[in-house]
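Q: Structure for the following, please:
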Amino acid sequence: MTFVHSSLLFLAGDIHIKSLEESLYSELQVKSKHIDINSNVNVAIDKEEKGDNFIVMSGKLNPEDKTDEETRTIKAEAKLGTVKIEKKDWFSSLKFS
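A: Okay, the predicted model is just below:
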């Protein structure tokens with residue numbers, strides 16, 4: 001049995017995807033004007049296509065963590081903006097201030 005979890009984000013502006021260091025394997029589908037992937041994020045890009053005003057990318061986030069039958073999918077579309085993917089440590093994600 002395979003379980004699928006999907007997160008869909010569609011915006012005209014920017015989208016920030018923050019992955020915790022302990023994050024699990026997820027499939028990733030992104031379409032936007034710009035895609036910014038921080039160098040400390042573990043992403044395996046399967047496919048990248050460039051159109052006139054957009055980029056379409058699919059890949060896997062934390063590909064070495066695929067240990068269960070559960071598939072998580074993140075779909076993000078920022079028609080006029082940037083999709084930024086970055087990794088945060090657990091403590092800084094708490095936002096104490």
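Q: any idea how far I17 lies from N62?
A: Look at I17 and N62: by Cβ to Cβ, to the nearest Å, they are 12 Å apart. For every residue, glycine as well, the C-beta is placed using N, CA and C.
Q: ok, now A44?
A: Remark: distance between A44 and N62 (Cβ to Cβ) = 9 Å.
Q: Which residue of these two possesses the greater neighbour count?
A: Using other Cβ atoms under 10 Å as the criterion, A44 and N62 rank with N62 on top: 20 against 11.
Q: show me what contacts that one?
A: 19, 23-26, 42 (Cβ atoms under 8 Å, 6 or more residues apart in numbering).
Q: May I see those residues organised as a markdown table, with pLDDT added?
A: As requested, the contacts of N62 are exported to a markdown table (pLDDT from 0 to 100):
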| residue | pLDDT |
| --- | --- |
| S19 | 78 |
| S23 | 67 |
| L24 | 77 |
| Y25 | 84 |
| S26 | 87 |
| N42 | 88 |
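Q: which ones among these are found in helices?
A: The helices, defined by DSSP state H, take in nothing from these.
Q: The helix or strand hosting Q29 pairs with which strands?
A: Per DSSP states H and E: Q29 is located in strand 26-37. Take DSSP bridges as the rule and strand 26-37 pairs in its sheet with strand 55-61 (antiparallel), strand 70-88 (parallel).
Q: Provide the contact partners of the following helix or strand past that strand at residue level.
A: Moving toward the C-terminus from strand 26-37, the next helix or strand (DSSP H and E) is strand 43-50. Residues from elsewhere that reach strand 43-50, judged by Cβ under 8 Å, 6+ apart: 28, 37, 55-61, 63, 85.
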